[in-house]
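no FASTA, just this:
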């Protein structure tokens, strides 16, 4: 089935402006995911989360112990993120930064971020810091695959994400994911330009508009490959 498209024209702020960049972004499905599709996706999430937590239980305990032994503070870090229908939730990760090294939501993690511990760099490079999010999946706050959740107030060039384009909120029509179409396409890491945000949004909305169980499995498989390559993870 063909998708409807629109042109999202974005202009820069300031005294000097460049020509607008046009991005063709698929329109997301109207409203929430169909009940049958949502049920299939939820059952798949539960099965995958249970299997992953069972297989990774020992490595998770080892990682938690190593974090506690090598730096002060708890092993698990939680941060408020935006979830389904714009509702906030607490997303869990292994702590990779020094305790009390929190920054305002506008400040994203950057390459060679001085807040990150030595062990934290390894956890980030291998994406193992994300593993506790299988617990978020199990309780129904996240999905294994979906748009990556952002912290409220996250900015690019001092502008909140939601002010960059009116289509930003459409990505919240499904549960956020541990991985997504944008991530396997290489749009991972710091979102430091409006163009990067729009490219990620384009992939998020395409995922929502074209969701299928088979595509979720394909994204999971591509994610495993990307994790092994350890690109754009810091």
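That came in fine, so what should we check first? Everything quoted here is computed from the prediction, not taken from an experiment. Residues are numbered from 1 along each chain as shown.

can you give me the helices in the chain?
For the chain, applying DSSP state H gives helices covering 35-70, 118-125, 133-138, 161-164, 181-184, 194-209, 213-229.

deepest of these, which one?
Across the helices of the chain, the average number of neighbours (mean count of other CB atoms under 10 Å) peaks for helix 181-184, which reaches a mean of 24. (Glycine included, C-beta is placed from N, CA and C.)

In terms of secondary structure, what does that one contact?
helix 194-209, helix 213-229 (3 or more CB pairs under 8 Å, 6 or more residues apart in numbering; DSSP states H and E).

Adding mean pLDDT and distance to residue 140, write these out as CSV.
As requested, those are exported to CSV (pLDDT from 0 to 100; distance: least, CB to CB, whole Å):
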stretch, mean pLDDT, distance to residue 140
helix 194-209, 94, 18
helix 213-229, 93, 16
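
In a markdown table: those helices, plus distance to residue 96.
As requested, these are exported to a markdown table (distance: least, CB to CB, whole Å):
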| stretch | distance to residue 96 |
| --- | --- |
| helix 194-209 | 22 |
| helix 213-229 | 16 |
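
Just tell me which of the ones you listed ends up closest to residue 36.
Smallest distance to residue 36 across the helices and strands packed on helix 181-184 (CB to CB): 11.2 Å, for helix 213-229.

related to what we said a few turns ago, which among the helices and strands packed on helix 181-184 is found nearest to residue 54?
Across the helices and strands packed on helix 181-184, closest to residue 54 is helix 213-229 (CB to CB), at 16.8 Å.

just checking, what packs against that closest one?
Packed against helix 213-229 by the contact rule (3+ CB pairs under 8 Å, 6+ apart) you find helix 35-70, strand 143-145, strand 177-179, helix 181-184.

can we see that at 7 Å?
Packing contacts for helix 213-229, counted by 3 or more CB pairs under 7 Å, 6 or more residues apart in numbering; DSSP states H and E, involve helix 35-70, strand 143-145, helix 181-184.
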